[in-house]
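Undergrad: sequence isn't available, so here's the structure alone:
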């Protein structure tokens, strides 16, 4: 690497990764501190005119919605979710009794959650970032080296950029995290998530439905119109068979699991498959480096909390960096990063462990009677249900 140009302006914040978490951080911090903040986001995906649509959508909890609304980056296509209905059954069961319902008593102005396609969310965040003056750079970060005054980034075209702080939002296989030599606790699940957008004859009533089937959780999550986002977790070998099917045969398999409530189903967008894994970084910070989103943690999607955890990282880091900036402190200082680590890592570790426990509980046929009794008891305890909804919504 050539010697950095010390005369060049130093950015306050450099972000690796233009996914939802990285863009949300750039937008939230710039919106809070004003145009004086110099922020840059690096990702080769920014060379595309519009984010690629792979069929994924996310259920965004109320605290995530408030974060994006404050930054004026809430997507117009977001669709409210009035509640969640949970069943536990076998594929061949003629009836799927509801064991637990959550969120149906939420006030109309504060729904349980909202569904947003990942492509629409990234498009809204990109547009807001540009409006706020965030620099969106389609180059990739190939190296970084921290010093007392900042961190120097080596880019894939040979260029260099300096920043006070580098944030890794570059996914589960984070290059920043690897170069920083931050260890992870990680293991694969014997499951793959199949995702798609489906149109259906019958209305969904804005209610999300999740069936716990022997192969894994199968969720139909409401979108605008008579459409739903499918998130179907299946054992890897069986999922590979589903991926190999043509569209009509795939939809027929979906219909077997969705049951009759939706009527006839048709594909309304691309379908994709993603191997599932557990991952948590053993530290969320390094020297002038902070980790957010999937670079810091990956959890099973059975509770739909992956993006919400990332947005809570964004909220915590925005608060910590905002306080440091207003106090005239260095954004990349050890004390600043320690405050972020304290705010997030232990909470995330506890949540990730709980999600792994739920995965094992709901994939064990021996535990079915116990979990059905447990869900039934929760469904009959209004106070406990309200606390669960409050925790899931981040409120």
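TA: Everything's here; your move. Since the structure is predicted, the reported quantities are computational estimates derived from the model, not experimental observations. Residues are numbered from 1 along each chain as shown.
Undergrad: what's across from residue 213 in the sheet?
TA: Here residue 213 sits in beta bridges with residue 216, as judged by DSSP bridges.
Undergrad: so it makes contact with residue 257?
TA: Yes: here residue 213 reaches residue 257: they are 6.4 Å apart, a contact under Cβ atoms under 8 Å. Yep, even glycine has a C-beta here, placed from its N, CA and C like the rest.
Undergrad: with neighbour numbers in mind, choose between the two.
TA: When residue 213 is set against residue 257 and neighbours are counted by other Cβ atoms under 10 Å, the residue ahead is residue 213, at 22 against 17.
Undergrad: quick one: that one and residue 87, what's the gap?
TA: Noted for residue 213: a distance of 9 Å to residue 87, by Cβ to Cβ, to the nearest Å.
Undergrad: so which strand or helix has the spatially most central residue of the chain?
TA: The geometric centre of the chain, computed from its C-alpha atoms, lies nearest to residue 307 (Cα atoms, centre = their mean), at 1.7 Å. Residue 307 is located in helix 306-326, with elements delineated by DSSP states H and E.
Undergrad: likewise for residue 161?
TA: When the helices and strands are read off by DSSP H and E, the one containing residue 161 is strand 160-168.
Undergrad: helices or strands up against that strand?
TA: Contacts of strand 160-168 with other secondary structure elements, assessed using 3 or more Cβ pairs under 8 Å, 6 or more residues apart in numbering; DSSP states H and E, are made with strand 11-16, strand 151-155, helix 175-179, strand 289-291.
Undergrad: most neighbours per residue, which of those?
TA: strand 289-291 (a mean of 28; mean count of other Cβ atoms under 10 Å).
Undergrad: who touches that strand?
TA: For strand 289-291, the external contacting residues (Cβ atoms under 8 Å, 6 or more residues apart in numbering) are 144, 146, 151, 165-168, 174, 176-177, 180, 182, 281, 283-285, 317, 337, 340.
Undergrad: what about burial for these, which qualify?
TA: Members of the contacts of strand 289-291 that pass the buried threshold by neighbour count (16 or more other Cβ atoms under 10 Å) are listed as 144, 146, 151, 165-168, 174, 176-177, 180, 182, 281, 283-285, 317, 337, 340.
Undergrad: before we move on, the earlier item: tell me the helix or strand right after the helix holding residue 307.
TA: The element immediately downstream of helix 306-326 (helix or strand, assigned by DSSP H and E) is helix 334-362.
Undergrad: picking that back up, mutual contacts of residue 213 and residue 87, please.
TA: Between them, residue 213 and residue 87 share no neighbouring residue, with contact defined by Cβ under 8 Å, 6+ apart.
Undergrad: sec struct for the nearest residue to the residue nearest to the centre of the chain once chain neighbours are set aside, please.
TA: Nearest residue to residue 307 in three dimensions, chain neighbours excluded: residue 58, at 4.3 Å (Cβ to Cβ, 6 or more residues apart in numbering). Following DSSP: H, G, I helix; E, B strand; the rest coil, residue 58 is assigned to strand.
Undergrad: give me the distance between residue 58 and residue 32.
TA: As for residue 58, its distance to residue 32 is 23 Å (criterion: Cβ to Cβ).
Undergrad: and the two? Which one has more around it.
TA: In this comparison of residue 58 against residue 32, neighbours counted by other Cβ under 10 Å, the higher total goes to residue 58 at 25 against 16.
Undergrad: how far away is that one from residue 34?
TA: From residue 58 to residue 34 the distance is 29 Å (Cβ to Cβ).
Undergrad: before we move on, what about residue 304?
TA: In this structure, residue 304 lies at 34 Å from residue 34, with Cβ to Cβ as the measure.
Undergrad: among the two, which residue is more densely surrounded?
TA: Neighbour count, other Cβ under 10 Å: between residue 304 and residue 34, residue 304 has more, with 24 against 10.
Undergrad: residue contacts, the more buried one?
TA: Residues near residue 304 by Cβ under 8 Å, 6+ apart: 58, 59, 113, 219, 221, 231.
Undergrad: and these as JSON lines, adding distance to residue 261 and pLDDT?
TA: Below are these laid out as JSON lines (distance: Cβ to Cβ, whole Å; pLDDT from 0 to 100):
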{"residue": "58", "distance to residue 261": "23", "pLDDT": "92"}
{"residue": "59", "distance to residue 261": "19", "pLDDT": "91"}
{"residue": "113", "distance to residue 261": "20", "pLDDT": "88"}
{"residue": "219", "distance to residue 261": "13", "pLDDT": "91"}
{"residue": "221", "distance to residue 261": "14", "pLDDT": "94"}
{"residue": "231", "distance to residue 261": "17", "pLDDT": "93"}
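Undergrad: show me which of these are buried.
TA: Buried, going by 16+ other Cβ under 10 Å: 58, 59, 113, 219, 221, 231, out of those.
Undergrad: nearest spatial neighbour of the last one, chain-adjacent residues omitted?
TA: When the adjacent residues along the chain are set aside, residue 231 lies closest to residue 219, with 4.5 Å between them (Cβ to Cβ, 6+ apart).
Undergrad: doesn't the one you found lie inside a strand?
TA: Yes: for residue 219, which was evaluated using three-state DSSP, the result is membership in a strand.
Undergrad: for it, give its distance to residue 55.
TA: Looking at residue 219 against residue 55, where the rule is Cβ to Cβ, the gap reads 14 Å.
Undergrad: many thanks, I have nothing further to ask.
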